[in-house]
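In: the sequence and its predicted three-dimensional model are supplied below.
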Amino acid sequence: MALQGPIPVEFGHVFTHGVFAAGGFEAVRDFDASSGDRFVQSKDKTTGLPLWAVEVIDADPEARTKTVKIKVAAHAEPVLPPAPAGLPFVPVEFTGMTVTPYVNQAGRLAYSLKAAGVRAASRGGRTGTEKDAA
């Protein structure tokens, strides 16, 4: 099979209503290499770049899971765009997204989302199929 490893996906196909960053980026802990107070940052298996994670809120009112963490592989901590006036959260889009399906500890199918970068959301946070229909 030609498909191996992370599966490339378009941001708008995963988050049809867009997302809002619920905080800033944090370094992802490498649980195998870290011990006690010794923190080791996890690295992306493909690029070798340090991994950073940000929690986002799915703007889809029918989403079963309202928040998810997205990891970004980058040399330095990614910077979120400023929040628009009057909004408590920052509408963002992710570039170069991939999804990796896995079975979680509860025995259920789950997905790990990674991206190459983050940017301000276009057109009021709506992306993908919803933007095309507007």
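Out: Okay, I see it.
In: what about the most centrally placed residue in the chain, which helix or strand?
Out: Most central in the chain under C-alpha atoms, centre = their mean is Ile70, positioned 2.1 Å from the mean C-alpha point. If you go by DSSP states H and E, Ile70 is part of strand 67-73.
In: strand partners (parallel or antiparallel) of the helix or strand that that strand is followed by?
Out: Moving toward the C-terminus from strand 67-73, the next helix or strand (DSSP H and E) is strand 90-95. Using DSSP bridges, strand 90-95 pairs in its sheet with strand 19-21 (antiparallel), strand 117-120 (antiparallel).
In: tell me which of those strands sits nearest to Leu3.
Out: Closest to Leu3 of the strands paired with strand 90-95 is strand 117-120 (C-beta to C-beta; 23.3 Å). Placement of C-beta: from N, CA and C, glycine included.
In: run through who's touching that closest one.
Out: With contact meaning C-beta atoms under 8 Å, 6 or more residues apart in numbering, strand 117-120 is reached by 21, 54, 72, 74, 78, 80-81, 90-96.
In: related to what we said a few turns ago, tell me which of the strands paired with strand 90-95 is the most buried.
Out: Burial of those is given as mean neighbour count (mean count of other C-beta atoms under 10 Å); strand 19-21 ranks first at a mean of 22.
In: residues in contact with it?
Out: The contact list for strand 19-21 (C-beta under 8 Å, 6+ apart) reads 54-59, 80, 87, 89-93, 118, 121, 125.
In: now stretch 38-49
Out: Taking C-beta under 8 Å, 6+ apart as the rule, stretch 38-49 contacts 5-6, 27-30, 33-34, 50-51, 71, 73-75, 114.
In: using pLDDT, spot the least trustworthy of the residues you listed.
Out: Taking the contacts of stretch 38-49 together, the minimum pLDDT is found at Gly5 (82).
In: quick check: it vs Ala121, distance?
Out: 28 Å (C-beta to C-beta, to the nearest Å).
In: also Pro78?
Out: Computed as C-beta to C-beta, the Pro78 to Ala121 distance reads 15 Å.
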